[in-house]
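In: I need the structure of the sequence given here:
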Amino acid sequence: MILSYDGSLPGFLCLLGHALKTYPQWSEVRNLAEATSPSLFVQEQEIATDYDFADKVVSGLGKKLGGQFPNKLAHAFSSEWQGIEPDLIKVTSRALKRGRTSLDQLSNPLVHRFQNAAFRTAREKHRLLGLLRFSRLQDDCFLARVEPQANVVPFLGAHFARRFSDQRWVIVDTKRRVALFGAGPKWSLERQVDIAAGLNFHDSEAEVVNLWKSFYRHISNPDRYNPQLRRQFMPKRYWSNLTEMQPAGPMK
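Out: Numbering: from 1, shown residues only. Okay, the predicted model is just below:
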């Protein structure tokens with residue numbers, strides 16, 4: 001039995017719940033958001049995304065495996081590692097049978113991959129909390145662009161809603177076309193979002209950018225220059241969206 005879903009986290013949670021109870025003999029997971037062809041010789045069951053059912057799955061797993069498990073499961077799923085869904089179903093099933101302490105047995109390949117995937121997503125999320133650069137638009141909305149390796153933008157909403165509690169802001173994952181829109185303490189996640197060409201920046205933005213670049217240059221100590229350490233804290237894949245790493249010229 002092949003179980004298919006829409007590629008979203010709520011959709012996967014629904015699939016996980018059905019795989020654990022209704023379809024324990026599943027053999028494969030297929031992401032319908034990816035261009036893969038269904039098998040002609042194996043029965044396939046498409047699992048519909050039901051947000052209420054997804055919430056019940058999260059609640060049930062939290063009660064049985066601890067409150068942190070659903071969060072770690074979401075981080076591991078959002079790593080987008082190839083074939084991560086079947087491993088997450090297996091590691092969850094294993095933990096439900098053997099208890100939550102089995103999730104600490106890193107000698108087991110499934111547990112090790114689960115923990116590693118969750119850790120890498122959490123680490124990228126933590127990095128972006130300090131590496132996002134916002135630009136002020138003409139309408140006083142603040143825009144940040146990012147292209148993370150993992151699908152971490154959905155995890156940033158609560159933090160920036162607190163940080164920008166009296167402002168409007170947008171964080172766009174240009175790779176996945178996913179965006180967070182915030183206004184005051186509220187925020188929402190939208191998909192299929194593109195940034196329009198020819199954005200109108202605030203009149204003061206160019207001055208702010210120049211001041212930030214000047215500050216970055218002046219605090220740099222040539223005698224302590226360590227490019228390897230800089231890449232460790234500011235991986236090169238982020239540089240295209242870091243203000244201080246941009247060459248001089250008009251804003252885009």
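In: which ones are touching the nearest residue to His202 once chain neighbours are set aside?
Out: Leaving aside its sequence neighbours, His202 sits nearest to Arg136 (C-beta to C-beta, 6 or more residues apart in numbering; 4.1 Å). In short, each C-beta sits where N, CA and C put it, glycine included. By C-beta atoms under 8 Å, 6 or more residues apart in numbering, the contact list for Arg136 reads 142, 201-202, 204-205, 208.
In: Can you say which two of those are spatially most distant?
Out: Across these, no pair lies farther apart than Phe142 and Ser204, at 12.4 Å, counting by C-beta to C-beta.
In: So for these two, which sits in the more crowded spot?
Out: Counted by other C-beta atoms under 10 Å, Phe142 and Ser204 do not tie: Phe142 has more neighbours, with 18 against 10.
In: What strand or helix carries the more buried one?
Out: Using DSSP states H and E, Phe142 falls within strand 141-146.
In: So what's the gap between the next helix or strand along the chain from that strand and the chain middle?
Out: Downstream of strand 141-146, the first helix or strand assigned by DSSP H and E is helix 157-163. Here helix 157-163 shows a centroid-to-chain-centroid distance of 15 Å under the convention C-alpha atoms, centre = their mean, to the nearest Å.
In: Give the closest residue to Val209 in space, chain neighbours not counted.
Out: Nearest residue to Val209, sequence neighbours excluded (C-beta to C-beta, 6+ apart): Thr243, at 5.7 Å.
In: quick one: the one you found and Arg133 touch, right?
Out: Yes: here Thr243 reaches Arg133: they are 4.6 Å apart, a contact under C-beta atoms under 8 Å.
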